[in-house]
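J.: Structure for the following, please:
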Amino acid sequence: MFAGDVDLKTWYKPDIDKKILKELSKRSDKKGIIDISIFFFAILASGYLCFFTWGTLWSIPSLLLYGNIFYCKVISIQHETNHETYFKSRSLNRIFYNITSLLGGFEILRWKWSHFHHHTHTIFTHEEVYDYEANSPRPTEPIRFLLNFLPLGPILNIQKVRHFTHFEIIKHSLGIISNVVKLTVPKKEIKNLINSSRLHVLFWFIIILISLYFGSWLPIIMLLLPPFYGNTILMICTMTQHAGLAENAKDHRMSTRTVILNPLFSFLYSNMEYHIEHHIFPKIPFYNLKKLHKVIKSQMPKPKEGIIDAYKEIVPTIFKQATDKNYFIHVEIPKSN
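T.: Sure, this is the predicted structure:
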């Protein structure tokens with residue numbers, strides 16, 4: 001069975017008026033352009049700060065600021081354009097999906113198909129349908145879990161380096177196919193995936209050559225390395241999605257978590273904190289997820305009120321799952337009317 005074959009009709013769906021759902025599903029080029037424009041100016045401002053402080057100790061906090069803005073928002077846009085909901089225009093979605101995938105170190109075909117698989121087999125652990133986007137597999141390893149949040153954490157976490165997207169791209173460029181690709185990507189796409197991975201490597205070499213030509217590390221640091229030192233905000237948000245929750249459940253309310261974030265994190269994360277809502281209705285644009293949350297709120301578990309509230313239950317669970325892989329957080333589901 002190809003991993004993409006699944007009957008989503010067997011999964012839980014909340015009651016929602018079809019007219020409301022249709023309205024919430026409307027996409028907008030204007031809203032996408034406004035969002036990416038704000039991001040562009042934030043990158044210009046924080047990038048200028050890096051340039052201005054380069055060579056001083058102030059360059060360290062400047063780079064951390066720039067790297068976190070850059071990486072978190074690039075991956076959020078990459079995710080949304082993968083769903084083709086960031087813009088109304090399919091062409092704009094495809095263009096910016098390719099650009100953000102390149103900047104974020106995410107190969108386009110691997111993530112197109114593996115993310116589709118993540119939505120159809122959310123936190124499934126059976127070998128034949130394993131969800132490779134499960135970010136805290138059991139039994140958990142608390143030290144490695146905590147390393148996710150540190151700058152340079154992906155490098156410090158030696159075991160994870162083998163599965164890091166950049167290392168995976170190098171393997172694919174050499175024709176060495178990873179297990180996640182074997183499971184989720186159709187065979188007819190493999191050759192294109194290999195060629196796409198080689199384009200990624202070529203892009204890296206071009207940036208390195210530009211740095212050598214100008215005698216400056218800045219192009220490498222600001223275009224290639226944000227995934228390594230700018231990972232903190234993205235990981236803080238991302239690890240709230242599924243950590244500690246049920247596996248192999250055909251109800252996203254049991255395997256997925258919604259967290260209310262502050263406006264800055266919400267912007268950088270493109271509203272993906274409304275993650276239960278996103279999983280149930282993956283074709284609703286990020287700018288309508290908060291509205292969707294309000295519409296179906298009575299049928300959803302109570303959301304976590306901020307990052308601290310979420311990690312109050314996540315961290316103890318991660319430590320407990322290190323010795324008891326069958327333990328998980330039992331979510332209180334509202335009773336049906």
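J.: wouldn't Ser59 be in contact with Cys50 here?
T.: Yes: using C-beta atoms under 8 Å, Ser59 makes contact with Cys50 at a distance of 6.4 Å. Just so you know, the C-beta spots here come from the backbone N, C-alpha and C atoms, and that holds for glycine as well.
J.: Those two: who's more crowded?
T.: Using other C-beta atoms under 10 Å, the more surrounded residue of Ser59 and Cys50 is Cys50, with 21 against 18.
J.: how many other residues sit next to the residue nearest to the more buried one when sequence neighbours are not counted?
T.: Closest residue to Cys50 apart from its sequence neighbours, by C-beta to C-beta, 6 or more residues apart in numbering: Ser62 at 4.7 Å. For Ser62, the count of nearby residues is 20 (other C-beta under 10 Å).
J.: Helix or strand: which one has Ser62?
T.: helix 59-82 (DSSP states H and E).
J.: Give the next helix or strand downstream of that helix.
T.: Counting by DSSP H and E, what follows helix 59-82 is helix 90-104.
J.: what mean pLDDT does that next one have?
T.: Helix 90-104 comes out with an average pLDDT of 97.
J.: Can you check the distance spanned by stretch 132-147, start to finish?
T.: Start-to-end span of stretch 132-147 (C-alpha to C-alpha, to the nearest Å) is 19 Å.
J.: Just to check, the residue nearest to Cys50 is in contact with Gly47?
T.: No: using C-beta under 8 Å, Ser62 makes no contact with Gly47, being 9.1 Å away.
J.: Correct me if wrong, but Asn326 is in a strand.
T.: No: Asn326: not assigned to a strand; according to DSSP: H, G, I helix; E, B strand; the rest coil it is coil.
J.: Give me the below-cutoff pLDDT ranges for the stretch 1-150 of the chain.
T.: 1-9 (pLDDT under 70).
J.: next one: the stretch 151-300 of the chain
T.: 157-163.
J.: and if we set it to 50?
T.: Applying pLDDT under 50 to the stretch 151-300 of the chain picks out residues 161.
J.: rewinding a little: which ones are touching the residue nearest to Cys50?
T.: 46, 49-50, 52-53 (C-beta atoms under 8 Å, 6 or more residues apart in numbering).
J.: Going by distance to Ser136, which of those wins?
T.: Ser46 (30.0 Å; C-beta to C-beta).
J.: Report the separation between that closest one and Glu273.
T.: 22 Å (C-beta to C-beta, to the nearest Å).
J.: Have a look at these two and say which one is more surrounded.
T.: It is Glu273, of Ser46 and Glu273, that has more neighbours when counted by other C-beta under 10 Å, with 28 against 19.
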